[in-house]
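Student: Requesting a structural model of the entry that follows:
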Amino acid sequence: MSLFKKIFSSEKKETLDKGLEKSKSSFFNKLGKAVAGKSKVDDEVLDNLEEVLVTSDVGVNTTLKIIERIEERVSRDKYLGTDELNQILREEIAGLLSETHKGTYTEFTVPEETKPYVIMVVGVNGVGKTTTIGKLAYQFKKQGKKVVLGAADTFRAAAIDQLQVWADRVDVPIVKQKMGSDPASVAFDTLKSAQVQGADVVIIDTAGRLHNKVNLMNELSKVKRVMQKVVEDAPHEVLLVLDGSTGQNAFEQAKQFTKATEVTSLAVTKLDGTAKGGVVIGISDQFQIPVKYIGVGEGIEDLQVFNKFEFVDSFFK
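Tutor: Numbers count the residues shown, from 1 in each chain. The predicted structure is shown next:
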């Protein structure tokens with residue numbers, strides 16, 4: 001436990017604990033029923049546990065992996081008491097997350113040697129994409145970085161207006177054009193402007209439409225190509241924002257977007273208002289893409305850098 005105390009401020013940890021409260025409460029209520037009257041982890045307990053994990057939005061494939069790992073421990077140790085199940089689950093889920101998250105993020109940083117560091121943000125409308133961009137801009141600015149936003153979601157006037165509100169709130173420059181403009185043109189102008197201003201970080205918003213995957217793929221590919229005319233290896237990161245409260249629907253969105261473009265990191269939002277926190281475990285495992293940020297509240301500080309140790313600690317404490 002001392003590791004957690006060293007790395008994380010108590011205030012952040014409290015926010016995470018509170019944000020995961022509904023997920024944790026729901027999970028442990030189900031787990032309690034799954035092992036009721038049992039002292040030993042047997043086939044019936046494992047069947048019940050499988051159901052608990054699936055209904056907690058961990059996802060079928062990830063659930064089967066976890067069950068398999070526990071079965072191996074049961075056969076190896078011969079006797080496992082149900083009172084040990086909590087600790088075993090904690091260890092196996094931490095192990096699973098460690099396979100995707102090789103490092104441990106503890107703060108909002110970008111590589112110093114890459115300037116400007118370009119983040120292209122993707123995700124369907126309504127998942128908290130614009131809010132995530134605004135909160136990211138705030139955090140990077142707090143780190144002393146010069147941030148420029150690009151409003152390349154030109155299909156909705158509301159998207160441009162919302163990003164402008166965040167740019168004003170955080171006090172960072174924004175590059176935008178009128179609704180219906182070419183998104184790639186906005187991205188191009190944003191990078192040009194960022195270079196002139198000596199920006200450290202550029203965050204580009206993109207359209208959140210999923211009704212036609214081919215169009216989405218073509219559009220994102222074009223935005224990338226045009227950006228590379230200004231910054232050769234842009235974007236350096238493609239961040240997919242998913243709404244954690246949608247549970248299995250978030251899996252489907254992740255599947256569609258990873259087919260449409262090369263996603264390199266994930267942000268899972270709205271975890272505080274839902275009992276579906278298990279989705280973070282499943283998505284991280286199934287797509288082998290690190291969850292970099294999680295949203296655990298509406299406040300500007302409530303976007304947190306995801307840390308596997310802290311998450312598992314909050315979920316199972």
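
Student: Wait, a helix at residue 262?
Tutor: No - counting by DSSP: H, G, I helix; E, B strand; the rest coil, residue 262 is located in no helix; its state is coil.

Student: Burial check on the closest residue to it other than its chain neighbours, number of neighbours?
Tutor: With CB to CB, 6 or more residues apart in numbering as the criterion, residue 262 has its nearest non-adjacent residue at 6.0 Å, and that residue is residue 238. Where you see a C-beta, it was placed from the backbone N, CA and C, and this is true even at glycine. Counted with other CB atoms under 10 Å, the neighbours of residue 238 add up to 22.

Student: Quick check, pLDDT for residue 238.
Tutor: On pLDDT, residue 238 comes in at 96.

Student: measure it to residue 184 for me?
Tutor: Look at residue 238 and residue 184: by CB to CB, to the nearest Å, they are 15 Å apart.

Student: how about the strands of the stretch 101-250 of the chain, start to end?
Tutor: 117-122, 147-152, 174-175, 201-206, 237-243 (DSSP state E, counting those that start in this stretch).

Student: Residues contacting the third one, please?
Tutor: By CB atoms under 8 Å, 6 or more residues apart in numbering, the surrounding residues in contact with strand 174-175 are 148-151, 163-164, 167, 186, 189-190, 193.

Student: from those residues, which is closest to residue 274?
Tutor: residue 163 (25.1 Å; CB to CB).

Student: From residue 145, how far off is that closest one?
Tutor: Taking CB to CB, one finds residue 163 at 18 Å from residue 145.

Student: neighbour count winner among these two?
Tutor: residue 163 (25 against 19).

Student: which non-adjacent residue is nearest that one?
Tutor: residue 151 (4.7 Å).

Student: Verify the stated contact: that neighbour with residue 185.
Tutor: No - in this structure, residue 151 is not within contact of residue 185 by CB atoms under 8 Å, at 11.4 Å.

Student: Helix or strand: which one has residue 26?
Tutor: According to DSSP states H and E, residue 26 maps onto helix 21-34.

Student: after that helix comes which helix or strand?
Tutor: Remark: after helix 21-34, the chain's next helix or strand is helix 43-55, criterion DSSP H and E.

Student: List the buried residues for that following helix?
Tutor: By neighbour count on 16 or more other CB atoms under 10 Å, the buried set for helix 43-55 is 45-46, 48-50, 52-55.

Student: Identify each buried residue in the helix holding residue 26, please.
Tutor: Residues 22-24, 26-27, 30-31, 34 are the ones in helix 21-34 that count as buried (16+ other CB under 10 Å).

Student: where in the stretch 151-300 of the chain is pLDDT low?
Tutor: 210-213 (pLDDT under 70).

Student: on that earlier part again, run a quick neighbour tally on the residue nearest to residue 163.
Tutor: 27.

Student: what sits against it?
Tutor: Applying CB under 8 Å, 6+ apart, the residues contacting residue 151 are 159-160, 163-164, 174-177, 186, 205.

Student: Take these and keep only those in helices.
Tutor: Mapping the contacts of residue 151 onto helices (DSSP state H) picks out 159-160, 163-164, 186.

Student: Narrow these to just the buried residues.
Tutor: 159-160, 163, 186.

Student: So which of the residues you listed is the closest to residue 293?
Tutor: residue 163 (17.5 Å).

Student: thought the closest one was touching residue 176?
Tutor: Yes - with contact defined as CB under 8 Å, residue 163 and residue 176 form a contacting pair (7.3 Å).

Student: what is in contact with residue 151 and residue 185 at once?
Tutor: residue 177.

Student: The stretch 51-200 of the chain: helices as residue ranges?
Tutor: Along the stretch 51-200 of the chain, counting by DSSP state H, counting those that start in this stretch, helices occupy 60-77, 85-100, 129-142, 157-170, 183-197.

Student: How about residues contacting the third one?
Tutor: So that's helix 129-142. For helix 129-142, the external contacting residues (CB under 8 Å, 6+ apart) are 108, 110, 119, 121-123, 147, 149, 159, 162-163, 165-167, 169-172, 200-201, 203, 205, 208, 239, 241, 267, 269, 293, 295, 300, 302-303.

Student: show me what contacts residue 54?
Tutor: So residue 54 contacts 60, 63 (CB under 8 Å, 6+ apart).

Student: Distance check, it against residue 100.
Tutor: 20 Å.

Student: got it, and residue 112?
Tutor: To residue 100, residue 112 is 25 Å away according to CB to CB.

Student: So for those two, which residue has more residues nearby?
Tutor: residue 100 (18 against 8).

Student: got a list of what the more buried one touches?
Tutor: Counting by CB under 8 Å, 6+ apart, residue 100 touches 284-285, 288-291.

Student: Now, of those residues, which are buried?
Tutor: 284-285, 289-291.

Student: Which of the residues you listed fall within helices?
Tutor: Of those, the ones assigned to helices by DSSP H are 284-285.
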